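> okay, predicted coordinates and the sequence, questions at the end:
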Amino acid sequence: MNLNFNLKSLQIFSSVMEQGTLSKAAEMHFLSESAASRQIATLENQIGFKLFSREKRQLIPTSQGQAFHKEAQRIIYGLQELPDILDTIKRDCSPQLRIITVPRLIRQIVSPAVARSCTQNPALKINVDVQPMRYLQRWVAGFQFHLGLGRLPAQHPDIVTRSFCSLPAVAVLPAGHPLARRSELTLGDLYGEKLVCTYLKQTLLGRNIASIYQQQGMQPEPTVEVASSFHACSIVASGFGFTIADPLAAHDMGNDVVQVPVKTEFRYDFAFFEPVQTRNDPMVAQFKQRVKEVSAEYTQRCGFNLQPLTSSKSNSLPADQYDS
């Protein structure tokens, strides 16, 4: 297979995916529609599969096209950052820290740590991206970012992890629910309540819930299964059922939900993800310290036990063990 495709064709493909039409993508790149279409056709010939199906002059992304777009974004992202990186090197001035994180850490952990870091070091510039775990690991291992923050376990062999907090499982209930005033709940207490959860078989979070039930000799019987814990918590915030999650998942729901710890030994572990070859950068070390401070304050404020883990190079877990 010939994979010597040019950057222009990748950029046009990405623009079509983001803009929704070939005409808008062509206009962005100062090309005619026919020229942009030829670039897409050439790219398809080179990679060996169709990126779009053509229906009434519309381009509809194929499933392979959607998967390819997610990987192409990583390449384009790195190249888009290159001018800023070169400019920083030329000027030999303000350092730029590139961070990637999973969505659930943004509000309570990453944002306060970023604000604190920039306040303490006014010359520091920080670039933050948000991606699911499966992309976070690949992008960190590919040196697109100095540091990733996500959930354990990690699977990539070129990544070193170090936990910065371990959180308990909680039952997320609608405000005003009869069980909301309890200090702790067992799965038996929740029996008969309508369970809302992430897909039990397709997502790590769903398998976590199944594991919590199985440890107590029970099987989860969800009424609603969704793609993300945020969606599950949103349904609970609307007044229906309950879900089991880490505490971070429910904080954005505000006062519409209540969190009650579940009696289980299971913990949700969050960690730093760093490329093996680029550790010990002082800029990264300082930001990690801010994250640890914010995490400790968060867990103390919420009454959770931090329970930090040891560092590890995690590469022995099944490839499908990703956060959703």
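Good, I have the coordinates.

> helix, strand or coil for Val160?
Put simply, Val160 is strand when judged by DSSP: H, G, I helix; E, B strand; the rest coil.

> was I right about it contacting Val284?
No. Look at Val160 against Val284 with C-beta atoms under 8 Å: they stay out of range, at 11.8 Å. Placement of C-beta: from N, CA and C, glycine included.

> what stretches of the stretch 51-200 of the chain score poorly on pLDDT?
Applying pLDDT under 70 to the stretch 51-200 of the chain flags residues 56, 74, 77-95, 143.

> strands of that one, residue ranges please.
When assigned using DSSP state E, counting those that start in this stretch, the strands of the stretch 51-200 of the chain occupy the ranges 52-55, 58-61, 96-101, 125-130, 147-151, 159-168, 170-174, 195-198.

> kindly reformat those strands as CSV and extend each row with mean neighbour count and distance to Arg116.
Shown next, in CSV, are those (neighbours: other C-beta atoms under 10 Å; distance: least, C-beta to C-beta, whole Å):
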stretch, mean neighbour count, distance to Arg116
strand 52-55, 12, 45
strand 58-61, 15, 40
strand 96-101, 22, 13
strand 125-130, 15, 11
strand 147-151, 26, 15
strand 159-168, 22, 14
strand 170-174, 25, 26
strand 195-198, 24, 31
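
> redo these as a markdown table? Include distance to Gly239.
Listed next are the strands of the stretch 51-200 of the chain as a markdown table, based on distance: least, C-beta to C-beta, whole Å:
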| stretch | distance to Gly239 |
| --- | --- |
| strand 52-55 | 40 |
| strand 58-61 | 36 |
| strand 96-101 | 30 |
| strand 125-130 | 28 |
| strand 147-151 | 28 |
| strand 159-168 | 24 |
| strand 170-174 | 5 |
| strand 195-198 | 11 |
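
> any shared contact partners between Val160 and Val284?
Glu274 (C-beta atoms under 8 Å, 6 or more residues apart in numbering).

> need the helices for the stretch 101-250 of the chain, in chain order.
111-120, 133-141, 187-190, 204-215, 229-237, 247-250 (DSSP state H, counting those that start in this stretch).

> so which of the ones you listed gets nearest Val276?
Closest approach to Val276 among the helices of the stretch 101-250 of the chain (C-beta to C-beta): helix 133-141, 8.4 Å.

> which parts of that closest one are buried?
Burial within helix 133-141, assessed by neighbour count using 16 or more other C-beta atoms under 10 Å, is assigned to Met133, Arg134, Tyr135, Leu136, Gln137, Arg138, Trp139, Val140, Ala141.

> quick one, that helix and strand 159-168 angle?
140 degrees (axes from the mean of the first three to the mean of the last three C-alpha atoms, to 10 degrees).

> got the CA positions of helix 133-141 in PDB?
Provided in PDB are the C-alpha atoms of helix 133-141 (Å, rounded to 0.1, in the frame of the first residue of the first chain):
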ATOM      1  CA  MET A 133      -8.600   7.900  26.800                       C
ATOM      2  CA  ARG A 134      -7.900   5.900  23.600                       C
ATOM      3  CA  TYR A 135      -6.600   9.100  21.900                       C
ATOM      4  CA  LEU A 136      -5.000  10.500  24.900                       C
ATOM      5  CA  GLN A 137      -2.600   7.600  25.300                       C
ATOM      6  CA  ARG A 138      -1.600   7.500  21.600                       C
ATOM      7  CA  TRP A 139      -1.100  11.300  21.400                       C
ATOM      8  CA  VAL A 140       1.100  11.300  24.600                       C
ATOM      9  CA  ALA A 141       3.100   8.400  23.300                       C
END
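
> give me the distance from stretch 33-40 to the chain's centre.
Distance of stretch 33-40 from the chain centroid (C-alpha atoms, centre = their mean, to the nearest Å) equals 33 Å.

> about what we covered before: of the helices of the stretch 101-250 of the chain, flag the one that's most buried.
helix 247-250 (a mean of 24; mean count of other C-beta atoms under 10 Å).

> do I have it right that Met218 meets Leu195?
No. Using C-beta under 8 Å, Met218 is not in contact with Leu195, being 11.1 Å away.

> just to revisit the earlier point, relative to Gln289, which of the helices of the stretch 101-250 of the chain is closest?
Gln289 lies closest to helix 111-120 among the helices of the stretch 101-250 of the chain, at 9.0 Å (C-beta to C-beta).

> state the distance from Ile100 to Gly150.
From Ile100 across to Gly150, the span is 8 Å (C-beta to C-beta, to the nearest Å).

> again with Asp158
15 Å.
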